[in-house]
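**Student:** the sequence and its predicted three-dimensional model are supplied below.
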Amino acid sequence: MSKSYLFIKGDAIMKTAETEEECLPVFLSFVEDLAGENAVDLVMYLMVNKMTDRELAEKTGYKLNKIRKKLYELYSLKIAKYKKQRIEETGWHSYVWELSVSGFEKYILDSIETIVNKLKQRLKFEEENMFYFCVKDRDVLFSFDEATELGFRCPRCSGPLEVFDNQPIIKKLKTAIEILST
Ligand SMILES: [Zn+2]
C-alpha cells in the first residue's frame, strides 16, 4: 500500500499508480476531483515555489477571494499548508503557501475506510439502477426515470436511447473494493 497512490475519478473508478512518473498525473487528477480544476492550477504553481495568496492571484489571474477559498479547500484536504509571515515594510501579515504531499498521503491512507464505503454505495447504485444513453451523443447518461420522462428519446438529436452497459464499471468497483479491503 505504501507505494501505491490511490486515485478516484469522478465516477469512482479507481486506479493505483506504482511509479513516480505516474504519480503526478494521478495526484493532479485527485486534486481536480476533490477540489476542482482551478485547484489544479494553484497546485501546479505551488509545486514550483512557495507563494502567497496574492502572488498566486497575480500568476493565475483569478480573484483573490477565489484563490483563498481554494487554498483553504486544499488545506482541509491536507494538500497544502501555510506559514504566517510578517511583511517588514507594512507590519502586516501574509500567508505563504506550500504543498503538503506527505500530509495528503496520510489523509488518503486514513480515508480508506471512507473511500471503501463510498465505493460500496456507488456499487449498490450501479447494481440497482439502469442507465440509458444516445448512441450518437455518447457523453450523457440518463437514469431510468429521466429516460422515461424523455420518452426514451435523446433530448439533443431525438434518436432512441439505449441501455448503457455498466458491467465494466461494476467490475472495476468490485476490484477496487477488494484491493482496498485487504
Ligand atoms: Zn442524441
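**Tutor:** Perfect, I can see it now.
**Student:** mind checking the SS state of Arg138?
**Tutor:** Assigned state for Arg138: coil (three-state reduction, DSSP: H, G, I helix; E, B strand; the rest coil).
**Student:** any idea how far it is from Tyr132?
**Tutor:** 12 Å (CB to CB, to the nearest Å). For glycine as for every other residue, the C-beta is placed from the backbone atoms N, C-alpha and C.
**Student:** those two: who's more crowded?
**Tutor:** Per other CB atoms under 10 Å, whichever of Arg138 and Tyr132 has more neighbours is Tyr132, with 20 against 9.
**Student:** and stretch 70-90, what's buried?
**Tutor:** Going by neighbour count (16 or more other CB atoms under 10 Å), the buried part of stretch 70-90 is 70-71, 73-74, 77-80, 82.
**Student:** can you measure across it, start residue to end residue?
**Tutor:** Taking CA to CA, to the nearest Å as the measure, stretch 70-90 stretches 26 Å from start to finish.
**Student:** what's in contact with it?
**Tutor:** Residues outside stretch 70-90 that contact it (CB atoms under 8 Å, 6 or more residues apart in numbering) are 31, 34-36, 38-39, 42-43, 46, 52-53, 56, 62, 92-101, 103-104, 106-107.
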